[in-house]
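1. what follows is a predicted protein model with its sequence.
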Amino acid sequence: MTIYVGMSNDWYHKNKEKAKEAAAAYYQKNKEKIKAKVREYYVANADIINAKWAEYHDNYRLANQEQYRAYHRKYYQQDPEKCKKRSKKWIEANKEYYKELQREWRLKNPEKIKSYSQTYYQNNKERIKARNAKYRAEHKEQTKARNRKYKQNKKNKK
């Protein structure tokens, strides 16, 4: 007996409730069998499925960046401490990868690094001066030696 797809679609659209009930009844009757079959499929094709899912997720995220940013801002604002702990935990677990990401970001954004350091200096001038003065007072000999070398190098360059 041949079933034509068009006919089954017509029957399905005309009898949606019956079709849903039949599908639910079939699922309940064969639940374990269906789950085992699905599990077996996923185990056999895990690499392909994970790669496709990652690609889909990356493409979706790139297409909806503002939506992602808004969600993450909202999530962070709900519990900043939880987010900080999670980030710290991830960094601890992925130290090498995190360092690599930092290096790449620094190479791509030298102007941001410069502006961040300038902003930090402007916002913390007094603290930095106090810290430097304290260091110089504690390490007078090293400071004098460094100043002597600096003056000597300056003379040699002329």
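-> Sure, I can see it.

2. low-confidence ranges, this structure, go.
-> Where the chain drops to pLDDT under 70, the residues are 1-7, 158.

3. please parse it into its domains.
-> By the assignment in automatic domain parsing, the chain contains the domains 67-108, 122-157.

4. in CSV: those, plus distance to Lys18.
-> Just so you know, the C-beta spots here come from the backbone N, C-alpha and C atoms, and that holds for glycine as well. Below are those laid out as CSV (distance: least, Cβ to Cβ, whole Å):
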stretch, distance to Lys18
domain 67-108, 39
domain 122-157, 70
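
5. reformat the ones you listed as CSV; add mean neighbour count.
-> Formatted as CSV, those follow (neighbours: other Cβ atoms under 10 Å):
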stretch, mean neighbour count
domain 67-108, 11
domain 122-157, 10
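
6. out of the ones you listed, which is closest to His57?
-> domain 67-108 (10.7 Å; Cβ to Cβ).

7. how long is that closest one from one end to the other?
-> 24 Å (Cα to Cα, to the nearest Å).

8. any idea how far that domain is from the chain center?
-> 6 Å (Cα atoms, centre = their mean, to the nearest Å).

9. same question, stretch 124-133
-> Using Cα atoms, centre = their mean, the offset of stretch 124-133 from its chain centre is 35 Å.

10. check stretch 147-158 too.
-> 48 Å.

11. may I have it as CSV, with CA atoms only?
-> Only the C-alpha atoms of stretch 147-158 are listed here, as CSV (Å, rounded to 0.1, in the frame of the first residue of the first chain):
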residue,chain,number,x,y,z
ASN,A,147,68.8,57.9,38.6
ARG,A,148,72.6,57.6,38.2
LYS,A,149,72.2,55.1,35.3
TYR,A,150,69.6,57.3,33.7
LYS,A,151,71.8,60.4,33.8
GLN,A,152,74.8,58.4,32.5
ASN,A,153,72.9,56.9,29.6
LYS,A,154,71.5,60.4,28.8
LYS,A,155,75.1,61.7,28.6
ASN,A,156,76.3,58.8,26.5
LYS,A,157,73.6,59.4,24.0
LYS,A,158,74.7,63.0,23.4
